[in-house]
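Undergrad: task: produce atomic coordinates for the following.
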Amino acid sequence: MDTRPSALALTPLLLFLALFLGAGLYFTAQGEAMGFYQVRAPVAILPALALAAWLAWRRRVPVQETLFAGMGHPNVMLMALIFLLAGAFATVSKSVGAVDAVVALGLGHLPPALILPGLFALAGFVALAIGTSMGTIAAVVPIALGVADAAGLDRGLVLGAVVGGAMFGDNLSVISDTTIAATRSQGAQMRDKFRENFWIALPAAIATLLTLAVLGNAAPVESVRSDASPWLVLPYVAVLVLAVAGVDVVVVLALGLVLAAGFGISLGEGYGVAEVAGDVYAGFEGMVEITLLSILIGGLAALMKASGGLDWLASSIARLARGSSGRRVGEFSIAALAAGGDALTANNTVAILVAGDVARDIAGRHGVTPRRAASLLDIFACAVQGVLPYGAQILLAASLGGVSSLSIAGQVHYCWLLAIVAVAFMVWPRRAEAGASPLSAAADA
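TA: Numbering: from 1, shown residues only. Sure, this is the predicted structure:
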């Protein structure tokens, strides 16, 4: 088997993006309102999979074994299960009137300018506590959608606020898998990495809150009246409380589904076990596309990795970094490594693990501290993951909200602002001693 790095191994992903985005843009230009739904992503990825399989076969990679291992990876299967449970929970909750109850109880107490910042802050708090952006999106989006519709807000904007908050909390959480991967791969302390991240994420979060307040203030909030029982709010409360308590996201969604169904049967008229079963399956059906795409992307990433694509990216960046000197070169190289790896794998944890050893070598050569290297790995993998139209977070939000993933990607303001703030901190002149930001240096003092 040929294990040499290969740039050619990355072309399948480029083909997928060209087909998916190109077809969407073409049909949109032709006046089709649902232009990006004319060629579905799971179909657009099939030629890319064929190309990846052919390239892998040429390099004597066991194609079927590699493809099936990537498609059936535990992380991929976990995502698929979360998608299905989230779809079922959202559908049952809406059918029994839980969304209407939440909106009726909460919307009247919030001025328009605070709706979007409030959703961002809620998602950020939940993600910080539970350490997973996927679980946060699954728990918060159903509430956010009810508020969005009642307030007359654009769904893409609301979902972008929730995804941004989820990425903010996940990036800072000490129990997040990305944080653990970044600190372990760089030999950094969890506390130090958190402090380094905090002083970069805080300005981005504040700027996001202000941006969302301005955007939300233009929304005309309608009067909301609902006959739904206030008790129907409890499934959402239970989901949030259990999530913050650290219960596994699969268990949280399963319990939320049982509670929603139980309250619906007890308080609803004509809503029984048969209706619950129908809504659960309807929720599953709504997640078929995202589930298929996640499984196929897992296989595509495995084939590209086995064919040397990710190794080529890592070695190319490392080679460029060795040809130059200085802290900034090292930091930008680590940032590019994390961002590029995430764009190719659509998984920020995998991107960090793939880039870890190379990033540690770059950091050592260019005087970048371990905490700084770990922070940059996590930040740029997070920033890219949060705006990928084919990333799991946006795909989940888009599926729950019934909107195009591209309509969300451009409105995840936090991730765009996080990247801008991080770049600004990288070019900011700092004391040579520690490779730490001025704010974090002041905090240390």
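
Undergrad: pLDDT below threshold where in the stretch 151-300 of the chain?
TA: Residues of the stretch 151-300 of the chain meeting the criterion pLDDT under 70: 174-175, 217-228, 240, 243-244, 246.

Undergrad: all helices for it, in order.
TA: Per DSSP state H, counting those that start in this stretch, the stretch 151-300 of the chain carries helices over the ranges 155-172, 177-186, 190-216, 234-244, 249-267, 273-286, 288-306.

Undergrad: looking at these, which is buried most?
TA: Highest mean neighbour count among the helices of the stretch 151-300 of the chain (mean count of other Cβ atoms under 10 Å): helix 155-172, with a mean of 29. Heads up, the C-betas are built off the backbone N, CA and C, glycines and all.

Undergrad: could you list every helix and strand in contact with that one?
TA: Other helices and strands packing on helix 155-172, by 3 or more Cβ pairs under 8 Å, 6 or more residues apart in numbering; DSSP states H and E, are helix 112-130, helix 133-151, helix 177-186, helix 190-216, helix 370-385, helix 392-401, helix 405-409, helix 413-427.

Undergrad: re earlier: which of the helices of the stretch 151-300 of the chain sits closest to residue 356?
TA: Proximity to residue 356 (Cβ to Cβ) singles out helix 177-186 among these, at 2.9 Å.

Undergrad: could you export the helices and strands packed on helix 155-172 as TSV, including distance to residue 318?
TA: Formatted as TSV, the helices and strands packed on helix 155-172 follow (distance: least, Cβ to Cβ, whole Å):
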stretch	distance to residue 318
helix 112-130	32
helix 133-151	29
helix 177-186	15
helix 190-216	22
helix 370-385	13
helix 392-401	28
helix 405-409	29
helix 413-427	18
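
Undergrad: residue nearest the centroid of the chain?
TA: What sits nearest the mean C-alpha location of the chain, by Cα atoms, centre = their mean, is residue 393, with 3.3 Å.

Undergrad: now that that one has come up, it's in contact with residue 134, right?
TA: Yes - with contact defined as Cβ atoms under 8 Å, residue 393 reaches residue 134; the gap is 6.5 Å.

Undergrad: shared neighbours of these two, anything?
TA: Residues within reach of residue 393 and of residue 134 at once, by Cβ atoms under 8 Å, 6 or more residues apart in numbering, are residue 166.

Undergrad: residues contacting residue 267?
TA: 96, 229, 231-232.

Undergrad: ok, 7 Å please
TA: Neighbour list for residue 267: 229, 231-232 [criterion: Cβ atoms under 7 Å, 6 or more residues apart in numbering].

Undergrad: neighbours of residue 29, just the number please.
TA: 9 (other Cβ atoms under 10 Å).

Undergrad: what sits against it?
TA: So residue 29 contacts nothing (Cβ under 7 Å, 6+ apart).

Undergrad: isn't residue 70 up against residue 299?
TA: Yes - in this structure, residue 70 is within contact of residue 299 by Cβ atoms under 7 Å, at 4.3 Å.

Undergrad: quick check: domain ranges of this protein?
TA: 67-175+189-287, 306-444 (automatic domain parsing).

Undergrad: with distance to residue 22 added, can I get the ones you listed in a markdown table?
TA: As requested, these are exported to a markdown table (distance: least, Cβ to Cβ, whole Å):
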| stretch | distance to residue 22 |
| --- | --- |
| domain 67-175+189-287 | 21 |
| domain 306-444 | 12 |
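
Undergrad: which one of those lies nearest to residue 39?
TA: Per Cβ to Cβ, nearest to residue 39 of the domains of the chain: domain 306-444, 12.4 Å.

Undergrad: might one say that residue 44 is in contact with residue 20?
TA: Yes - judged on Cβ under 7 Å, residue 44 makes contact with residue 20 at a distance of 4.1 Å.

Undergrad: circling back: so which of the domains of the chain comes closest to residue 181?
TA: Nearest of the domains of the chain (Cβ to Cβ): domain 306-444, 4.4 Å.

Undergrad: which ones are touching residue 263?
TA: Residues in contact with residue 263 (Cβ under 7 Å, 6+ apart) are 96, 231-232, 234-235.

Undergrad: got TSV for these, with distance to residue 125 too?
TA: Listed next are these as TSV, based on distance: Cβ to Cβ, whole Å:
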residue	distance to residue 125
96	26
231	24
232	23
234	19
235	19
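
Undergrad: what's around residue 327, how many residues?
TA: 17.

Undergrad: nearest residue to it other than its sequence neighbours?
TA: In this structure, residue 327 finds its nearest non-sequential neighbour in residue 367, 5.3 Å apart by Cβ to Cβ, 6 or more residues apart in numbering.

Undergrad: and the pLDDT for that neighbour?
TA: We have a pLDDT of 84 for residue 367.

Undergrad: quick one: buried residues of the strand or helix carrying residue 15?
TA: For residue 15, the host element (DSSP states H and E) is helix 11-29. Neighbour-count burial for helix 11-29 flags 11-13, 15-17, 19-21, 23-24, 27-28 (criterion: 16 or more other Cβ atoms under 10 Å).

Undergrad: format those residues as TSV; extra columns: distance to residue 168 and pLDDT.
TA: Output for the buried residues of helix 11-29, formatted as TSV (distance: Cβ to Cβ, whole Å; pLDDT from 0 to 100):
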residue	distance to residue 168	pLDDT
11	34	91
12	32	90
13	27	81
15	33	91
16	28	85
17	26	78
19	32	86
20	27	79
21	27	75
23	33	83
24	28	76
27	34	81
28	31	72
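
Undergrad: restricting to C-alpha, output the helix holding residue 15 in PDB.
TA: The C-alpha trace of helix 11-29 is given here as PDB (Å, rounded to 0.1, in the frame of the first residue of the first chain):
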ATOM      1  CA  THR A  11      -9.700  16.300  -5.100                       C
ATOM      2  CA  PRO A  12     -12.800  14.200  -4.200                       C
ATOM      3  CA  LEU A  13     -13.900  16.800  -1.600                       C
ATOM      4  CA  LEU A  14     -13.400  19.500  -4.200                       C
ATOM      5  CA  LEU A  15     -15.500  17.600  -6.600                       C
ATOM      6  CA  PHE A  16     -18.300  17.200  -4.100                       C
ATOM      7  CA  LEU A  17     -18.300  20.900  -3.200                       C
ATOM      8  CA  ALA A  18     -18.200  21.800  -6.900                       C
ATOM      9  CA  LEU A  19     -21.300  19.600  -7.700                       C
ATOM     10  CA  PHE A  20     -23.300  20.600  -4.600                       C
ATOM     11  CA  LEU A  21     -22.600  24.300  -4.500                       C
ATOM     12  CA  GLY A  22     -22.400  24.600  -8.300                       C
ATOM     13  CA  ALA A  23     -25.800  23.000  -8.800                       C
ATOM     14  CA  GLY A  24     -27.300  25.100  -6.100                       C
ATOM     15  CA  LEU A  25     -26.000  28.300  -7.500                       C
ATOM     16  CA  TYR A  26     -27.000  27.400 -11.100                       C
ATOM     17  CA  PHE A  27     -30.600  26.500 -10.200                       C
ATOM     18  CA  THR A  28     -30.900  29.600  -8.000                       C
ATOM     19  CA  ALA A  29     -29.700  31.800 -10.900                       C
END
